[in-house]
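Novice: Structure, please.
(one chain, ligands or ions: 1)
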Amino acid sequence: MSEWGGLIALGIGLALLLALAWWLLIASEGVYLGRRVVIWLYDLYAHRYNDVKDYYPEYEQLYLAEPFLDALAPQVNPLVLDVATGTGRLPLALALHPDSRGFTIGVDLSRQMLHHAINTLHPHEERAAFIHAPAENLPFPDHTFDAVTCLEALEFMVNPQAVLAELVRVLRPGGLLLITQRINTRLLPGKAWDEAQMLAALEACGVVNSDIEVWQMDYHKVWGTKAGASDPVGARPATAVTRCPRCATVAWQIHGDEWLCETCKATYPVGSDGVLEFMQPA
Ligand SMILES: C[S@@+](CC[C@H](N)C(=O)[O-])C[C@H]1O[C@@H](n2cnc3c(N)ncnc32)[C@H](O)[C@@H]1O
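Specialist: You can find the predicted model right below:
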């Protein structure tokens, strides 16, 4: 091969490598490299997340909080779980809504994203709590929440179907599910679902009345209800519904900046910012 031929081959090789790195680390946010990489990238990027997303508070009220609360009406004090809460987008939208009296627990595996969430919610701290825990194994008993949400996150889970089942597990019968669906599924093969796949996945988890509607540029909003019926749960503190990751009971004593499980005596620290640390060894 001539010298030029070698240089061209090297250039093409480098361009292909860059394209692969872009797809693996940026377009698909690390999901094909495993959960650790996804969370590492979010930890790295957390301080820029809100600036990049640039959510308009008015739109968050109009297109998120209001339709969500309308769907829950007449209940005004829902107990809500926001899985993969990130920097606390949904808890904030609900806390700022004048008619909402509920309580939201935000769960995420990126500790840095949660740090931003809890700082943002600080002026409304009686309206939300944040727990560092995985979406795959939510620390709550079955049928706990009036509503469960998971926005812009399911496609970045290593096993989205298993996470969907987990979201539905902790929702009470008749409770409201709100998730999002990526519109362009080509860049996330096997992770992002088209409408038919989404509806089939919801049905398989026992979700009824599913409905998909236009939302943002990259996403649809997907609504559903857990089959069955039950009484509303209503706002209550995280200590009343969070189960111990070790023994799965809900029985806590709070000692300063530590949660002590009354049953198995495991302890879990509360970070200096107020986030409950379920990823620390008990
Ligand atoms: C695009 S952000 C969405 C954040 C927020 N829901 C929003 O709409 O702004 C995706 C979030 O999913 C979280 N995440 C990804 N995989 C997770 C997992 N297995 N368990 C919990 N959180 C996860 C990331 O840390 C990140 O905060």
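
Novice: Restricting to C-alpha, output the top strand by length along the chain in PDB.
Specialist: Assignment by DSSP state E gives strand 171-182 as the longest strand of the chain. C-alpha atoms of strand 171-182 as PDB (Å, rounded to 0.1, in the frame of the first residue of the first chain):
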ATOM      1  CA  LEU A 171     -48.000   1.000  42.200                       C
ATOM      2  CA  ARG A 172     -51.300   0.400  43.900                       C
ATOM      3  CA  PRO A 173     -54.100  -1.300  41.900                       C
ATOM      4  CA  GLY A 174     -55.900   1.500  40.000                       C
ATOM      5  CA  GLY A 175     -52.800   3.700  40.400                       C
ATOM      6  CA  LEU A 176     -51.500   5.900  37.700                       C
ATOM      7  CA  LEU A 177     -48.300   5.100  35.700                       C
ATOM      8  CA  LEU A 178     -46.600   7.800  33.600                       C
ATOM      9  CA  ILE A 179     -43.500   6.900  31.600                       C
ATOM     10  CA  THR A 180     -42.000   8.200  28.400                       C
ATOM     11  CA  GLN A 181     -41.200   6.700  25.100                       C
ATOM     12  CA  ARG A 182     -38.300   7.600  22.900                       C
END
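
Novice: count of residues packed around L14?
Specialist: 10 (other CB atoms under 10 Å). Heads up, the C-betas are built off the backbone N, CA and C, glycines and all.

Novice: hmm, I was thinking of H124
Specialist: Counted with other CB under 10 Å, H124 comes out at 15.

Novice: picking that back up, next SSE downstream of the longest strand of the chain?
Specialist: Sequence order places helix 195-204 as the next helix or strand after strand 171-182, per DSSP states H and E.

Novice: Tell me the helices and strands packed up against that following helix.
Specialist: helix 160-169, strand 171-182, strand 207-214, strand 219-226 (3 or more CB pairs under 8 Å, 6 or more residues apart in numbering; DSSP states H and E).

Novice: got the ones you listed as CSV, with distance to the ligand and mean pLDDT columns?
Specialist: Below are the helices and strands packed on helix 195-204 laid out as CSV (distance: least, CB to the nearest ligand atom, whole Å; pLDDT from 0 to 100):
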stretch, distance to the ligand, mean pLDDT
helix 160-169, 7, 97
strand 171-182, 8, 97
strand 207-214, 16, 96
strand 219-226, 9, 96
